[in-house]
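Participant: using only what follows, build the 3D model:
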Amino acid sequence: MISRNKWIILILLGLLIVGSLTACTSEYATNPTTQEQAAEPAPTAVPASPKTIVVEMNRNAGNLAVNEKLTITRGLDEVSQECIECHKAETPGIVNDWRESRHGHVSVSCLDCHAVEKNDPTATQHEDLEGTDTYISVLVPPSRCANCHPNEAEEFDSSGHYRAALQVEAKDGMQTLMLVHEGQNHPEFSNVTQETGCMQCHGMRIELDDQNGPTPSTWPNAGIGTIYPDGSVGNCSVCHTRHKFDIAEARKPAACASCHLGPDHPDIEIFENSKHGQIYATEGESWTWDSAPDAWEPGDYRAPTCATCHMAGIGELSTTHNVSDRLYWNLWGKRSAMRDSNDPMSALTGHGEEGRAKMEMVCESCHTPRHTEAFFRQGDGAVQLYNESYYDPAKKMLDELKEKSLLKENPWADEFQILYYHLWHHEGRRARQGAMMGGPDWAHWHGFFELQQDLYRMQDIYNYRMETGQIEEP
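Facilitator: Modelled structure (predicted):
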């Protein structure tokens, strides 16, 4: 016989089973199978509303708009406060960057950088300033930065960065390459390759429209050598971007990477291939990046970045914005030579022996003198090998073919001239820079290995043209 308690348990189990079946049936009824869904008639399309849909949203910039009562004064004048209040809503990212910047901390306001005299060629007034004596410009030339940072501006003006746009502007070959060959003499768009490419690294001369604003063909311009309407040259925000101007950002290799990369000067790729780059990739995020300029030393980091070697105050060296100051060779020219010029427009700006001594001081902050001396002996040998065994023979063949009129008028349609250009501008640079910055793959496989192929092919073309007197390719 089944006891009373067991009967009760069986009844409860039965009720639970019935409840579960009911739930399953209900779910099935509200969630039909795929076949049943397919059998149902398609829903009637709802016609589009003829009314314009307006989406309203509140913009914010981090902590700026969280509290609507937040007011930033910091001793700023009334007009500057009005700028901030308006731009908190219109361009919150700008205000948030400024709020976190050193400028924001010490009450350097919008007007300190953007205010200009009424007769300035870039002077404008938006509607909130009309009728006042305040004129502003979207452009902030390096001459304005120099008011507070005179040493940095002077150092920059002595560096190779200074000529970045001026040399492109002055070279007919560069202008022809951009406008005629790359731009194909297009009546409207021939300058596009310069606007989207060349000037975003080199910079160019900013022109103004009839409203005193920069023309869209010359600005926005991220080039290091930008030439402003007042004649001053440079673009501080390339390395520490506006409006935060963060010293930590400028010290990281990414600050240099947007220009120093690619087939012709793959410096960021060389750095990543080096032991320095490997250490940075492994642990760089844990390093100290915001030490004071002359106090950023080994211990804050375990391996150097671009800024460490070329700019940082380290050991007995002071900081510098002259990136040519610690260099011995010109590694980007057709043929490398020791630097020996005070002229920033010269490809040899700098002083080679002094530059090498300074760079050795950088290296010896972490390495022994024996290690440093041996490293530079290897690198100097690679540069000399390129000069004597690759560039000199290539240039000799080029000159002889030119003398006998055995070169095509269009160099970009002539295999020999293209190979000559690649030999020095691509493979030759990679071999030299890879050797001097510890990037073995770039020194060898992307450097000398490809150089010897260039040279052998050039010799074949040279021999054919000299023997036949014909330009046609063999």
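
Participant: okay, buried residues for the helix or strand hosting residue 402 please.
Facilitator: In this structure, residue 402 sits in helix 392-403 according to DSSP states H and E. Buried residues in helix 392-403, counted by 16 or more other Cβ atoms under 10 Å: 394, 397-398, 401. Where you see a C-beta, it was placed from the backbone N, CA and C, and this is true even at glycine.

Participant: could you do stretch 285-302 as well?
Facilitator: Those would be 287, 289, 291, 296, 301, for stretch 285-302 by 16+ other Cβ under 10 Å.

Participant: tell me which of those fall in helices.
Facilitator: Applying DSSP state H to those, no entry is found in helices.

Participant: just the residues you listed now: which is nearest residue 250?
Facilitator: residue 289 (9.4 Å; Cβ to Cβ).

Participant: how close does the closest one sit to residue 251?
Facilitator: 5 Å (Cβ to Cβ, to the nearest Å).

Participant: kindly report the same for residue 134.
Facilitator: Counting by Cβ to Cβ - residue 134 and residue 251 are separated by 36 Å.

Participant: just the buried residues of stretch 285-302 now: which is nearest residue 267?
Facilitator: Closest to residue 267, out of all of the buried residues of stretch 285-302 and judged by Cβ to Cβ, is residue 301, at 18.3 Å.

Participant: for the closest one, list each beta-bridge partner.
Facilitator: Counting by DSSP bridges, residue 301 forms beta bridges with residue 298.

Participant: please name the residues that touch it.
Facilitator: For residue 301, the contacting residues are 280, 284, 287-288, 308, by Cβ atoms under 8 Å, 6 or more residues apart in numbering.

Participant: can you give me the helices in the stretch 201-350 of the chain?
Facilitator: Counting by DSSP state H, counting those that start in this stretch, the stretch 201-350 of the chain has helices at residues 247-251, 254-257, 267-273, 275-283, 306-310.

Participant: so where is this protein shaky, pLDDT-wise?
Facilitator: 1-74, 473-474 (pLDDT under 70).

Participant: where along it do the strands fall?
Facilitator: Secondary structure of the chain (DSSP state E): strands at 115-116, 135-136, 340-341, 350-351.

Participant: and the contacts of the third one?
Facilitator: Defining contact as Cβ under 8 Å, 6+ apart, one finds that strand 340-341 is touched by 348-352.

Participant: could you do the second one as well?
Facilitator: Outside of strand 135-136, the residues that reach it under the criterion Cβ under 8 Å, 6+ apart are 111, 114-118, 120, 123-126, 129.

Participant: between which two of the residues you listed is the distance greatest?
Facilitator: It's 117 and 126 that sit farthest apart of those, by Cβ to Cβ, at 16.9 Å.

Participant: mark out where each domain of the chain begins and ends.
Facilitator: Following automatic domain parsing, one gets these domains for the chain: 74-137, 141-238, 246-371, 378-468.

Participant: is residue 276 in contact with residue 438, as I believe?
Facilitator: Yes: with contact defined as Cβ atoms under 8 Å, residue 276 reaches residue 438; the gap is 6.7 Å.

Participant: which one of these two is surrounded by more residues?
Facilitator: Neighbours per residue (other Cβ atoms under 10 Å) separate residue 276 from residue 438, with residue 276 holding more: 24 against 18.

Participant: contact partners for the more buried one?
Facilitator: With Cβ under 8 Å, 6+ apart, residue 276 has these contacts: 303-305, 438.

Participant: would you reformat the residues you listed as a markdown table and include distance to residue 180?
Facilitator: Listed next are the contacts of residue 276 as a markdown table, based on distance: Cβ to Cβ, whole Å:
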| residue | distance to residue 180 |
| --- | --- |
| 303 | 44 |
| 304 | 42 |
| 305 | 39 |
| 438 | 39 |
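
Participant: which one of the contacts of strand 340-341 is nearest to residue 156?
Facilitator: Nearest to residue 156 among the contacts of strand 340-341: residue 349, at 12.1 Å, using Cβ to Cβ.

Participant: thought that closest one was touching residue 343?
Facilitator: Yes: with contact defined as Cβ under 8 Å, residue 349 and residue 343 form a contacting pair (6.1 Å).

Participant: residue 105: neighbouring residues, count only.
Facilitator: 11.

Participant: ok, now residue 456?
Facilitator: Applying other Cβ under 10 Å, we find 10 residues neighbouring residue 456.

Participant: gap between it and residue 463?
Facilitator: For residue 456 relative to residue 463 (Cβ to Cβ), the value is 11 Å.

Participant: who touches the closest residue in space to residue 109 that isn't next to it in sequence in this structure?
Facilitator: Excluding the flanking residues, the one nearest residue 109 by Cβ to Cβ, 6 or more residues apart in numbering is residue 80, at 3.8 Å. Residues in contact with residue 80 (Cβ under 8 Å, 6+ apart) are 109-111.

Participant: neighbours of residue 363, just the number please.
Facilitator: For residue 363, using other Cβ under 10 Å, the count is 18.

Participant: surely it is in contact with residue 372?
Facilitator: Yes: counting by Cβ under 8 Å, residue 372 is a contact partner of residue 363 at 4.3 Å.

Participant: overlap in contacts, the two.
Facilitator: With Cβ under 8 Å, 6+ apart, residue 363 and residue 372 have no common neighbours.

Participant: show me what the helix holding residue 402 is in contact with.
Facilitator: With contacts defined as Cβ under 8 Å, 6+ apart, helix 392-403 is touched by 334-335, 407, 416-417, 420, 423-424, 454-455, 458-459, 462, 465-466.
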